[in-house]
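> Give me the fold of what follows.
(3 chains)
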Amino acid sequence: MQWTVGEIARALGARLTGDRRVELDGVASIAAASGRKLVFADDERQLKAALESAAGALIAGVFAENARSLKPLVVSAHPRLAFARAAELMAEQEERKPGIHSRALVAASAVIGSQATIDACAIVDEQATIGEQTSVGAGSFIAKGVIIGAECRIFPNVTIYPGTVVGKRVRIHSGAVLGSDGFGYVRDPATGRHVKFPQIGSLEVGDDVEIGANSTIDRGALESTLIGRGTKIDNLVHVGHNCRIGENVIIAAQTGVSGSVVIEDNVIVGGQVGIADHARIEKGVLLGAQCGVLPHKIVRGEGVAFWGTPARPLRKYLKSLAALASLGRDGD
Amino acid sequence: MQWTVGEIARALGARLTGDRRVELDGVASIAAASGRKLVFADDERQLKAALESAAGALIAGVFAENARSLKPLVVSAHPRLAFARAAELMAEQEERKPGIHSRALVAASAVIGSQATIDACAIVDEQATIGEQTSVGAGSFIAKGVIIGAECRIFPNVTIYPGTVVGKRVRIHSGAVLGSDGFGYVRDPATGRHVKFPQIGSLEVGDDVEIGANSTIDRGALESTLIGRGTKIDNLVHVGHNCRIGENVIIAAQTGVSGSVVIEDNVIVGGQVGIADHARIEKGVLLGAQCGVLPHKIVRGEGVAFWGTPARPLRKYLKSLAALASLGRDGD
Amino acid sequence: MQWTVGEIARALGARLTGDRRVELDGVASIAAASGRKLVFADDERQLKAALESAAGALIAGVFAENARSLKPLVVSAHPRLAFARAAELMAEQEERKPGIHSRALVAASAVIGSQATIDACAIVDEQATIGEQTSVGAGSFIAKGVIIGAECRIFPNVTIYPGTVVGKRVRIHSGAVLGSDGFGYVRDPATGRHVKFPQIGSLEVGDDVEIGANSTIDRGALESTLIGRGTKIDNLVHVGHNCRIGENVIIAAQTGVSGSVVIEDNVIVGGQVGIADHARIEKGVLLGAQCGVLPHKIVRGEGVAFWGTPARPLRKYLKSLAALASLGRDGD
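Down below sits the predicted model:
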C-alpha cells in the first residue's frame, strides 16, 4: 500500500517539513533505503547519514528541527517510536490466503472464524476455536478445546496443548510450546521414585502478547498460568506452572521462570535470568541479565535495577564486584 | 471413571473418616473444586479452606486427624504424595483412538504394537518399532530403526533420530529432540577449520522417564548416551553426547549437561545449572539453581547441597557471599 | 563402501605399518569395534586397549610409532583429527531417496535442485530454492523465497522464515528456527505499551555451518544477521537480530547472543554464556562457560580465556575467586 509522507506525519501527530506528497511504501535502514523508504535518525551522526542516503523521507528527534533537509523531515519527540509506528502503518498486508488448506486437518467440531487461515499440515483438533483473521502456520498443532482469539498469528510448527486460551492479536513464533505439563513430582520416600503431581490446570495468554521461537509455557498444575496483556517474551524462555505474569512485561531470551512465580506489570527481565519458585517481582522492577532470584523472594522497587545471584540492587552489587576485583589484584 | 472415597483410601492404604460412599471423579485445587473432586491440605490454613470449599472429600496430613469435618477426610503421613497417587488412580483414561490415522505415515517395515495410536502427520520410518498402547502425536517424527516401548506418550512435534531406544511408560513432550548429533569437532591446525568428529552412537532412555518440552538429548559420539529409569527432565534442558544419567534423577528447566558427564542416582539438579564435560555428580547430590560444575570435577555428598560457580558446598558458599556483600557495604 | 587401510592412510597422508590390504567399513569406539572398524588411540592406555580390541586397524599418535602391533597402525601427529577425517571418508552414503515425497508440499514456483530430497510433510513455499543434493526433512517448513544451497541437510521439523539464505553443506538439526523476528520493541511512554520495532531484515548462513537442535537465530531488524562460514553452533543456542558472527566460530549449548553483537573469527564460546547487546568479541578469544559479557563491551586477546560475569581474563578472575573463598573460610 502507498502512503504519502504527509499522511504518515498526520497519523503520527508529528510535525513535517518538506514535500508532503512524497510517496512511501515501507521503512528501511539508512544503508539499504531506496527512494520509497522511510528511515529514522536518533542523533546527529545518523541524521547526516540519513540526509545523504537514498531514502525518500526521514523521521528524526527534536534536535533536528532546524536541520536543512532536501527530503521531507518528520520531527518527533520519540523518533524511534514514531518510526516503529510508521512501519506498522505501512506494513504490507501479509499475503495470507484465508481458508483451510486442503492438506490441513480441521476436526468437524472445531470452529474456524471468518477469514482465518489454516495452513498445510496444521491440525486443529476437536472443539478448538480459531478466531477471525487468525492464521495457523504449517505443521502447527492446536489441541482439543483450545481457544485462540482474533487476528492472531501462529507461525509454523507451534504446539498448543489442551487447556490453553489465547487472546487477540497474539503472535506465537515457531517451535513454541504452550500448555505443556508443569514439572511437579512428589518423591515417594518408600521407593525413591517420583510420582507425578497432577498437571491439569490451564494457560491463559492475554491480548497483544508475543511469544518467541522455541519458548515453553507450562499449564497450571491445578490452577492457571497467566500471561498478561501486552507482555513480550523472547526466544527459548521457560515459564513454569502457576506463574502469573502481568501486563506489558518484557522477558528477554533464555530466561527461566520457575513455578508459582508472580511478575507484576511493567517488569523488564534481561536474558538468562533465573527466577526461583514462588518469588514475586513487583511492579516496574528491572532484572539484569543472568541474575538469579531466590525462592519466595520479593523484589521491589519501581525502576530499580537488580543484578547478580542472589539478585541485589545494582549499586550495591557493583560495589561488591569492585571490592572483589581489588581483592584479586594483589601482585598482578 | 467413578471412584468412592472409600475405594481411594483403601488403594492408598490410608485412614478415612466420614462417609465412605461419596463419589469422586478427579482432583482439583481447593479454589476450583466441585462436589465430585478430591482436594488436599498440607497445613492448618489449607485444611480450613478445604473444609469450607465445595470439594467432595479431602486428603490431609496427620495434623488433621482430630479435625471436625463434614466431608470425608483421608489422613496420610504424606498428603501430597497421597493426593498425587489418587490423581493417578482417577486420571481419566486419555481419549485415545487406537489406530493409525489416515494422514499418518508408517513405513511398511515398521512394527506398530496393538492398541498404539499414530496421529495425523506423524511419521514412523522404516524398521521402527512402536510399543503397545503407545501414542505418537501429530507431526512427530520417529526415525528409521528407533524402538519405543509400551505405554509411552510421545506428544506432538517431537523428533527422534536414528539410534534411539526408549523404554516403557516414557512421556516425551512437544518439541523435544532425542538422538541428535553431539557437538564434537576436531580443529585442523593447518586450516583452522573444524572437522566433525563422528557422532554415530546411540541414546537409551529407561522406563518411566519424562522429558520436557523443547529439551534436547544428543546421541553418543561412538558409544551411548544413557538416561536412567524414573529420571525426570524439565523443559529446554540440554544433555550432551555420552552422558550417563542415573535413576530417579531430577533435572530442572534450562540446565545444560555437557558431553561425557556422569550423574548418579537420585541427584537433584536445579534450573539453569551448567555441568561441564566429564564431571561426575555422585549419588544424592543437590545442585542449586544456576550453579556451575567445572570439567572433570567430582561432586560428592548424599543430601549435600552445592551452589555457585564453581559449585561449592552451600554453607561455604553462603559465607563467601556474606563476606562479599559486607565488602561492598562501606559508605552505603 | 569398502576401503583398505592403505587407501585411508594415503588419503590422510599418514604413515602406515602392517598389512595395507585390511578392509574397513567405518569407525567405532575401542569397546564396540569389530574387525572391519577403525579405532584411534590418544595415549598409551588407549593404545593398549586398541591393540587388544577386535578392531581391524588403528590410528595413533606419534608416541606409538614403535609400538608392536599385529594390526595395521596409522601414525599421525593429530590422531583425533585423522580419525575424524577417516570417519568422514568412510561415512556411509546416507540412504537418501532423491525426489519429492508424495506427501511433501512443494509450491509450483519453488526451484528444487537435482538429486534433492523433500521428505513427507515437508513444505517448500513459493519461490524458495533448494540446492542440489540437499535434503529437507519430514515436517520442515521452508518459507517463501528462502534460498538453500547445495548438499545441505535440513533435519526433520526445522522452520526457516522468509528472508533466509543458507550456503552449501550446511546442517540444520531438528527443531531449529532460522529467521524468526528479533526481539525489539519501543515503549510508548504515553500508554506504557511496547510497540514492535520492524523486524524485516534477513539472515545469511555461510557454507559448512552446523546449527544444533532447537537453536534459534533471528533475522535482522532492518539489516542482516550473519553466520560466517564453518561456524558450529550447538543445541538451544539463541542468536539475536543483527548479530555478525565470523568464520570457524564455536558456540556451545544454551549460549545466548543478544542483538547487534559481533563475534569475530575463531572465537570459542562455552556453554550458557551470555553476550549482551552490541558487545564485540574479537578474533580468537575464548569465553568460558556461563560467563557474561556486558553491553557494548569489547573483549580482546587471541587465545586469551575470559570467565565470570562481568567476563574478565581467567587469571584475574581466578585470583578473585580464591580471595572470595578465603574470605568465607573463617571459622569453618
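
> can you tell me if stretch A:30-47 touches chain C.
Yes: residues of stretch A:30-47 contacting chain C under Cβ under 8 Å from any Cβ of the partner chain: A:31-32. Heads up, the C-betas are built off the backbone N, CA and C, glycines and all.

> Quote the end-to-end distance of that stretch.
Between the start and the finish of stretch A:30-47 there is a gap of 9 Å, counting by Cα to Cα, to the nearest Å.

> mean confidence for it?
pLDDT averaged over stretch A:30-47 equals 95, rounded to a whole number.

> Give me the below-cutoff pLDDT ranges for the stretch 101-250 of chain A.
Residues of the stretch 101-250 of chain A meeting the criterion pLDDT under 70: none.

> Now do the helix with the most length in chain A: distance to the chain's middle.
Determined from DSSP state H, the single longest helix within chain A is helix A:314-327. Here the centre of helix A:314-327 is set off from its chain's centre by 33 Å, with Cα atoms, centre = their mean, to the nearest Å.

> And it, what's buried?
A:314, A:316-317, A:319-321, A:323-325, A:327 (16 or more other Cβ atoms under 10 Å in any protein chain shown).

> Please save the CA atoms from that helix in PDB.
In PDB, the C-alpha atoms belonging to helix A:314-327 read as follows (Å, rounded to 0.1, in the frame of the first residue of the first chain):
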ATOM      1  CA  LEU A 314      22.700  -2.900  41.100                       C
ATOM      2  CA  ARG A 315      24.500  -0.100  43.000                       C
ATOM      3  CA  LYS A 316      25.300  -2.500  45.900                       C
ATOM      4  CA  TYR A 317      26.200  -5.300  43.600                       C
ATOM      5  CA  LEU A 318      28.600  -3.200  41.700                       C
ATOM      6  CA  LYS A 319      30.400  -2.100  44.900                       C
ATOM      7  CA  SER A 320      30.800  -5.800  45.800                       C
ATOM      8  CA  LEU A 321      32.200  -6.600  42.400                       C
ATOM      9  CA  ALA A 322      34.700  -3.700  42.600                       C
ATOM     10  CA  ALA A 323      35.800  -4.900  46.000                       C
ATOM     11  CA  LEU A 324      36.100  -8.500  44.700                       C
ATOM     12  CA  ALA A 325      38.200  -7.300  41.800                       C
ATOM     13  CA  SER A 326      40.500  -5.400  44.000                       C
ATOM     14  CA  LEU A 327      41.000  -8.400  46.300                       C
END
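
> ok and it relative to helix C:314-327, angle-wise?
Taking axes from the mean of the first three to the mean of the last three Cα atoms, to 10 degrees, one finds that helix A:314-327 is oriented at 100 degrees with respect to helix C:314-327.

> wait, does helix A:314-327 contact chain B?
Yes: legend: contact between helix A:314-327 and chain B by Cβ under 8 Å from any Cβ is shown at A:316-324, A:327.

> same deal with stretch A:195-210?
Yes: for stretch A:195-210 and chain B, the contact criterion (Cβ under 8 Å from any Cβ) is met by A:195-198, A:200-201.

> ok now do the one residue in the stretch 1-150 of chain A that gets nearest to chain B, which residues does it touch?
Distances between the stretch 1-150 of chain A and chain B by Cβ to the nearest Cβ are smallest at residue A:141, namely 4.1 Å. Under the criterion of Cβ atoms under 8 Å, 6 or more residues apart in numbering or on different chains, the contact list for residue A:141 reads A:122-123, A:125, A:158-160, B:137-139, B:156-157, B:174.

> same thing with residue A:178?
Applying Cβ under 8 Å, 6+ apart to residue A:178 gives the contacts A:158-161, A:164, A:166, A:172, A:203, A:205, A:211, A:216-217.

> Enumerate the residues of the stretch 1-150 of chain A near chain B.
With Cβ under 8 Å from any Cβ as the criterion, the stretch 1-150 of chain A comes near chain B at residues A:105, A:121, A:123, A:139, A:141, A:143.

> Relative to residue A:111, how far out is residue A:10?
Per Cβ to Cβ, to the nearest Å, residue A:10 is found 39 Å from residue A:111.

> Show me the helices in the stretch 1-150 of chain A, by range?
When secondary structure is read from DSSP state H, counting those that start in this stretch, the stretch 1-150 of chain A shows helices at A:5-12, A:44-52, A:79-90.

> quick one: the first one near chain C?
No: using Cβ under 8 Å from any Cβ as the criterion, no contacts between helix A:5-12 and chain C are found, and the smallest distance is 11.5 Å.

> which parts of that helix are buried?
Neighbour counts over helix A:5-12 (16+ other Cβ under 10 Å) mark A:5-9, A:12 as buried.

> mind giving me the domain split of chain A?
If the domains of chain A are taken from automatic domain parsing, they occupy A:3-90, A:99-317, with pieces of a single domain joined by a plus sign.

> gap between the last one and the chain center?
Read that as domain A:99-317. Chain-centre distance of domain A:99-317: 11 Å, with Cα atoms, centre = their mean.

> Check stretch A:28-41 too.
In terms of Cα atoms, centre = their mean, the centre of stretch A:28-41 is found 25 Å from the chain centre.

> what's the first-to-last distance across that stretch?
Taking Cα to Cα as the measure, stretch A:28-41 stretches 12 Å from start to finish.

> again with stretch A:146-161
Stretch A:146-161 has its terminal residues 7 Å apart, counting by Cα to Cα.
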